[in-house]
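1. Next one to model:
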Amino acid sequence: MNMKYLISIFSLLIIITSCNNGDQISDAYGNFEATEIIVSAQANGELMNLNLEEGDVLKTNQIVGLIDSTDLYLRKKLLAQQIQTIKSQLVSIHSEIDVQKQQLENNLISQKRIEKLYSQGAATKKQLDDINGLVDVNKKMIISVNSKKQSILDQIEGVRIQIEQIEESISKCVINNPVRGTVLVKYAEKGELAAMGKPLYKVADVENIKLKVYVSGSQLPKIKLGDEVEVLFDKDKNDNTKTKGKVIWISNTAEFTPKTIQTKEERVNLVYAIKVLVKNDGSIKIGMPGEMDFVK
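-> Alright, predicted model coming up:
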């Protein structure tokens, strides 16, 4: 009878110990989150392709799609032809400049000869004035023609700037993934009409996931940026998976305890949010509940 009593007491102690271990309370509770980026179209046109599916892991600057750029290409081609047409005007301009320079050179020779004759009394004042006038006219004509040349060069530069603008627009037709991450949602399909600002897909870096938890004011002095903490999340119905995390953000402002969050001290109704960076092997999903313990 005594032996049965001892066995019963021993069994009860085991049950109590098991229950206490299973009900261990963590220091903070919250949910896992990631920085989600919605990638939108930067051009208008038909979506020629979008080579991604939900769950795909994309690299930074990976080309994932293309928006039709045929119209932009044709406009660029037209402007390039326009430059050639404008350049053809330079041929006649250069010829005109050469003629004026040759005339100036001839008149300068005549000017020196007449000045010498005039000094010797062998030429009249009118002859000297006439040759001086021709030299002045030649110089002004050269300035005028050079002005026309500069105007043509300015036109060419203006068209080149337009071509650069179109090239920039064409580059935006190529869909580049901005950050390394996993595709969470795909909003568009090949053949649809893309418009500037239309969402195409959502991507997030789930390899470096964050646990946002809430701590009470009395817990706040125990933690600082860069601290290593223990992170727990559900492994199965009864057990948790443990991993390490690093505190990367602490809120400066207290807020009321979210209804979905349990805190260590339930009587404290003001808490501070903190974020813990966790390396994720794929086990943690966005929105999953998580727990945090201070490293003793």
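2. Buried residues in the strand or helix carrying residue 38, which are they?
-> For residue 38, the element it lies in under DSSP states H and E is strand 36-40. Across strand 36-40, burial judged by 16 or more other C-beta atoms under 10 Å covers 37, 39, 40. (Glycine included, C-beta is placed from N, CA and C.)
3. And it, what does it pack against?
-> Applying 3 or more C-beta pairs under 8 Å, 6 or more residues apart in numbering; DSSP states H and E, we find strand 36-40 packed against strand 199-204.
4. List of residues touching the strand it packs on?
-> 34-41, 47, 50, 52, 58, 64-65, 175, 177-179, 181-188, 194, 286 (C-beta atoms under 8 Å, 6 or more residues apart in numbering).
5. can we see that at 10 Å?
-> For strand 199-204, the external contacting residues (C-beta atoms under 10 Å, 6 or more residues apart in numbering) are 33-42, 47, 50, 52-54, 56-58, 64-65, 67, 175, 177-189, 192, 194, 286.
6. Mark which of these are buried, thanks.
-> Listed as buried from these are 33-34, 37, 39-42, 47, 50, 52, 56, 58, 64-65, 67, 175, 177, 181-184, 186, 188, 194, 286; burial here means 16+ other C-beta under 10 Å.
7. re the thing from before, with the buried residues of strand 36-40 in mind, which one is nearest to residue 294?
-> residue 37 (32.0 Å; C-beta to C-beta).
8. In contact with that closest one, which residues?
-> Residue 37 neighbours (C-beta under 10 Å, 6+ apart): 177, 178, 179, 181, 184, 201, 202, 203, 204, 205.
9. State the distance from it to residue 129.
-> 79 Å (C-beta to C-beta, to the nearest Å).
10. Equivalent analysis for residue 294, please.
-> For residue 294, the distance to residue 129 (C-beta to C-beta) stands at 103 Å.
11. More neighbours: which of these two?
-> The neighbour count for residue 294 versus residue 129, taken as other C-beta atoms under 10 Å, is higher for residue 294 (16 against 11).
12. what packs against the longest helix along the chain?
-> Counting residues, the longest helix found in the chain (DSSP state H) is helix 70-119. Secondary-structure packing of helix 70-119 (3 or more C-beta pairs under 10 Å, 6 or more residues apart in numbering; DSSP states H and E): strand 45-50, helix 125-171.
13. and these, which is most packed in?
-> Stretch with highest mean neighbour count among these: strand 45-50 (a mean of 17; mean count of other C-beta atoms under 10 Å).
14. And the contacts of that strand?
-> Contacts for strand 45-50 (C-beta under 10 Å, 6+ apart): 41, 63-72, 173, 175, 186-196, 198, 200-201.
15. Direction included, what does the helix or strand that that strand is followed by pair against?
-> Sequence-wise, the next helix or strand downstream of strand 45-50 (DSSP H and E) is strand 57-58. Using DSSP bridges, strand 57-58 pairs in its sheet with strand 181-186 (antiparallel).
16. by how many degrees do the partner strand and strand 36-40 diverge?
-> 60 degrees (axes from the mean of the first three to the mean of the last three C-alpha atoms, to 10 degrees).
17. how does the chain divide into domains?
-> Using automatic domain parsing, the domain ranges for the chain come out as 26-36+205-294, 38-69+173-198, 70-171.
18. Throw these into TSV and include mean pLDDT, thanks.
-> Shown next, in TSV, are the domains of the chain (pLDDT from 0 to 100):
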stretch	mean pLDDT
domain 26-36+205-294	87
domain 38-69+173-198	96
domain 70-171	88
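19. and the spatially most central residue of the chain, how far is that from residue 43?
-> The centre of the chain sits closest to residue 178, judged by C-alpha atoms, centre = their mean, with a distance of 6.0 Å. Relative to residue 43, residue 178 is positioned 16 Å away (C-beta to C-beta).
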